[in-house]
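Visitor: Output the structure for:
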Amino acid sequence: MSLDTVLSRIDSDLDAATERLLDLLRIPSVSTDPAYKEDCDKAADWLVSELQALGISAEKRPTPGHPMVVGHVDGDGPHLLFYGHYDVQPVDPLELWDTPPFEPAIEDTPKGKVIRGRGSSDDKGQLMTFVEACRAWIAVHGKLPCKITFFFEGEEESGSPSLVPFMEENAKELGADIALICDTGLFESSVPAITTQLRGLLGEDFTITGPSRDLHSGMYGGIAMNPIRVLTKILAGLHDETGAITLPGFYDDVPELADEIRAQWQGLNFDHESFLGDVGLKSPAGEQDRTPLEMIWSRPTCDVNGIWGGYTGDGFKTVLPSEASAKVSFRLVGQQDPDKIRKAFRSYLEDNLPEGFTVEYRTDKGAPASQMSIDDPAFEKARKALSDEWPRPAAYVGCGGSIPIAGYFKEILGMDSMLIGFGRDDDQIHSPNEKYDLESFHKGTRSWARILDELSKG
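Guide: Numbering: from 1, shown residues only. Next up is the predicted model:
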């Protein structure tokens, strides 16, 4: 029996696999709303039942919030950990849905058949691609090709408050050679991708205070320093005329992109003009000596996410405000240390405050970037498997955002992650009318079967 037999089994079982996914999608496992607590429990029970039906030792594990699902299969070869999450985003605004969000269905669209419903793409459909690949493998071979740990979370959409404590308490049980995460997508909806770089995140929320109270501009204008003027000057100075960030030492721990990865990214033929044009923009605003994909995936950023102060209601209130506030975030890459960047930013801010001005900070802990070592042969094996399934060859890509679970696997369990997903840009995750292409579900399942085959080889 060969891989082809497993793939044929996936093809013949597609209708039944799709019905199983629809069953899971009918469970309204909204983790952020206490009203859906029993539904989150029900979704966890559903997954435990499905894994157990495949002969996998699985159980629902309690946490202070929603439960984890953990399953184990012994075997030879590498030990893989597969992670996904069964909770979903709230559905509001409900009136913008064309169909009820928890009454999923298959729809015909001009681009092909889609699975419509909340959680279809993020992340139940993605999670089930792996489960269905395992189902087909067991049906054909009677067992899985290697040792696998299944780890499903129920709080990803609500900040994962129970995740780190659970991982720390169960680190020995959850340890594996490598983690597989299916919560990403195809590049430009067509190129299979393995995400190997994730930017970290640091946020600063602060208020600058000058005069002891709001001042009448007719009496104090000209002689009194305006906190908004101070704030905007500070913020404007964070970038130079080339788009580079000016904080001392900011780029010290930023690595250069490997030639192999740069060549792959260039081969993707990313159309940045169309990318920006879709949101009404034209020219890239980042470091001018970098390519657009480098700016998005492998270079750090500094952005003002909010700014306020003074009177903002209708009409005018001619005052000099006592204070001005802003929220500034940094996307971090490589070995950039959030604490080091925070210290540099605060030093810059405080060094530019006029005499008598003060600053107050309201800030959470930052998270460093995650960068996977593609020197591990598993990465190239997975890339080959994806290339064999899809029309276009797979590529190693970066991610402009942050996916904390990959960092936790590295920090707590000491293992790298392969982020492989089959979502498309128009899946409308977190929005009304979320969908997952039936092709993504089908070929995603086939992809995991191919990856399991490749990774289990000596």
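
Visitor: so what's the closest residue to Val114 other than its chain neighbours up against?
Guide: What sits nearest to Val114 in space, not counting adjacent residues and going by CB to CB, 6 or more residues apart in numbering, is Lys435, at 4.1 Å. (Glycine included, C-beta is placed from N, CA and C.) For Lys435, the contact set (CB atoms under 8 Å, 6 or more residues apart in numbering) comprises Glu107, Val114, Ile115, Arg116, Gly117, Ser120, Ser121, Asp426, Asp427, Gln428.

Visitor: The residue most central in space within the chain and Gly175, how far apart?
Guide: The chain has Ile403 as the residue nearest its centroid, 3.7 Å off, counting by CA atoms, centre = their mean. For Ile403, the distance to Gly175 (CB to CB, to the nearest Å) stands at 20 Å.

Visitor: picking that back up, export the contacts of Lys435 to TSV and tack on neighbour count, secondary structure and distance to Trp97?
Guide: Output for the contacts of Lys435, formatted as TSV (neighbours: other CB atoms under 10 Å; DSSP: H, G, I helix; E, B strand; the rest coil; distance: CB to CB, whole Å):
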residue	neighbour count	secondary structure	distance to Trp97
Glu107	16	strand	13
Val114	25	strand	14
Ile115	24	strand	15
Arg116	23	strand	9
Gly117	30	coil	9
Ser120	30	coil	12
Ser121	28	coil	15
Asp426	13	coil	16
Asp427	22	coil	15
Gln428	15	coil	10
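
Visitor: Would you point out the most distant pair within those?
Guide: By the measure CB to CB, Gly117 and Asp426 form the most distant pair in the contacts of Lys435, at 15.4 Å.

Visitor: Check what pLDDT Pro211 gets.
Guide: pLDDT, Pro211: 97.

Visitor: now for the helix or strand of the chain with the lowest mean pLDDT, which elements pack on it?
Guide: Within the chain, no helix or strand scores below strand 370-371, which has a mean of 90 by mean pLDDT, DSSP states H and E. Helices and strands touching strand 370-371, as assessed by 3 or more CB pairs under 8 Å, 6 or more residues apart in numbering; DSSP states H and E, comprise strand 193-198, helix 404-413.

Visitor: As CSV, the ones you listed with mean pLDDT, mean neighbour count and distance to Pro255 would be great.
Guide: Formatted as CSV, the helices and strands packed on strand 370-371 follow (pLDDT from 0 to 100; neighbours: other CB atoms under 10 Å; distance: least, CB to CB, whole Å):
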stretch, mean pLDDT, mean neighbour count, distance to Pro255
strand 193-198, 95, 24, 10
helix 404-413, 93, 20, 16
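
Visitor: Including distance to Asp303, could the ones you listed go into JSON lines?
Guide: Conversion of these to JSON lines gives the following (distance: least, CB to CB, whole Å):
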{"stretch": "strand 193-198", "distance to Asp303": "17"}
{"stretch": "helix 404-413", "distance to Asp303": "19"}
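
Visitor: quick one: the host helix or strand of Phe151 to helix 404-413, angle?
Guide: Here Phe151 is covered by strand 147-153, with elements defined by DSSP states H and E. Compare the direction of strand 147-153 with that of helix 404-413 by axes from the mean of the first three to the mean of the last three CA atoms, to 10 degrees and you get 120 degrees.

Visitor: Quick check: bridge partners of Asp329?
Guide: Heads up, residue 329 is Ser, not Asp. Assessed by DSSP bridges, Ser329 has beta-bridge partners Gly203, Asp303.

Visitor: how about the helices in the stretch 1-150 of the chain?
Guide: Remark: helices assigned in the stretch 1-150 of the chain by DSSP state H, counting those that start in this stretch are 3-12, 14-25, 37-53, 124-141.

Visitor: Which of these has the highest mean neighbour count?
Guide: Ranked by mean neighbour count, these are led by helix 124-141 with a mean of 24 (mean count of other CB atoms under 10 Å).

Visitor: pLDDT on that one, on average?
Guide: 98.

Visitor: For the closest residue to Glu439 other than its chain neighbours, list the residues it contacts.
Guide: Spatially, and ignoring its direct neighbours in sequence, Glu439 is nearest to Gly112 (6.1 Å; CB to CB, 6+ apart). Residues in contact with Gly112 (CB under 8 Å, 6+ apart) are Asp437, Leu438, Glu439.
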